[in-house]
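1. the sequence and its predicted three-dimensional model are supplied below.
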Amino acid sequence: MVIKTKNKARIKEKKAQMKIQQMSFMLVAVFIFFALVGMIVVTVFLNNMYKEANELKEQNAQLLASKIANSPEFNCGEVYDEERTNCIDLDKVMVLKENIDKYNKFWGIESLEIRKVYPKTNQTSQEIECTKINYPYCNKLTLINNSETPDRYSYVSLCREEIYNEKSVSKCELGIIIIGYEGIQ
């Protein structure tokens, strides 16, 4: 009888050990499952946050392009007591180009370029960098070019003073201001 009781006790003990092992494996499996689900949720959340951050940086870059166009260093000023917005005075910019090293870090951008879109300066689609010699018969004005960052742009009016019939007139053309903004990917 004692042997049968010992055998029964051993069998119960083995069953209890087996149930404990099953429970521990089940707890480990549940923990791993929830850890994987948590990692997936965090990855999706961080990915969405990264996309939103990039979208905000792009919007900021486009607003900065418009803000730069309206800054005193670029703006056309007032005509007939009306202030022009998104209007760049190319004469001012040509003077600014000579002293651009003082403004390199002022706006917090990596590159700044102004291009004439319409009317075309020449019959070919060749870009001609503006210098004192060929101004205003050019279509590209590079002010800052520190790196290859993604570009964001804003359409602007490009105006300059011209003498027509012995009068000073403002001649405006369509252009874009292109900025390279750090952090956009």
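-> Sure, I can see it.
2. point out where the chain drops to low pLDDT.
-> For the chain, the stretches flagged by pLDDT under 70 are 1-6, 78-83, 104, 121-125, 147, 149-150, 182-185.
3. the same query, at a cut-off of 90, please.
-> Within the chain, the segments meeting pLDDT under 90 span 1-22, 53-173, 175-185.
4. where along it do the helices fall?
-> Ranges of helices within the chain are 2-69, 90-98, based on DSSP state H.
5. which strands and helices lie in contact with the shortest one?
-> Think helix 90-98. Judged by 3 or more Cβ pairs under 8 Å, 6 or more residues apart in numbering; DSSP states H and E, the packing partners of helix 90-98 are strand 140-145, strand 151-164. To be clear about C-beta, it is placed using only N, CA and C from the backbone, and glycine gets the same treatment.
6. residue 60: which of these is closest?
-> The closest of the helices and strands packed on helix 90-98 to residue 60 is strand 151-164. By Cβ to Cβ, the value is 8.8 Å.
7. what angle separates the closest one from helix 90-98?
-> Here the directions of strand 151-164 and helix 90-98 differ by 120 degrees (axes from the mean of the first three to the mean of the last three Cα atoms, to 10 degrees).
8. parallel or antiparallel, list what pairs with strand 151-164.
-> Using DSSP bridges, the strands paired with strand 151-164 are strand 87-89 (parallel), strand 167-180 (antiparallel).
9. so which of those strands is the most surrounded?
-> Among the strands paired with strand 151-164, the stretch with the highest mean neighbour count (mean count of other Cβ atoms under 10 Å) is strand 87-89, at a mean of 23.
10. roughly how far is that strand from the heart of the chain?
-> How far strand 87-89 lies from its chain's middle: 23 Å, per Cα atoms, centre = their mean, to the nearest Å.
11. same question, stretch 70-89
-> 26 Å.
12. what does that stretch contact?
-> 66, 68-69, 92-93, 96, 103, 114, 154-160, 170, 172, 175, 177 (Cβ atoms under 8 Å, 6 or more residues apart in numbering).
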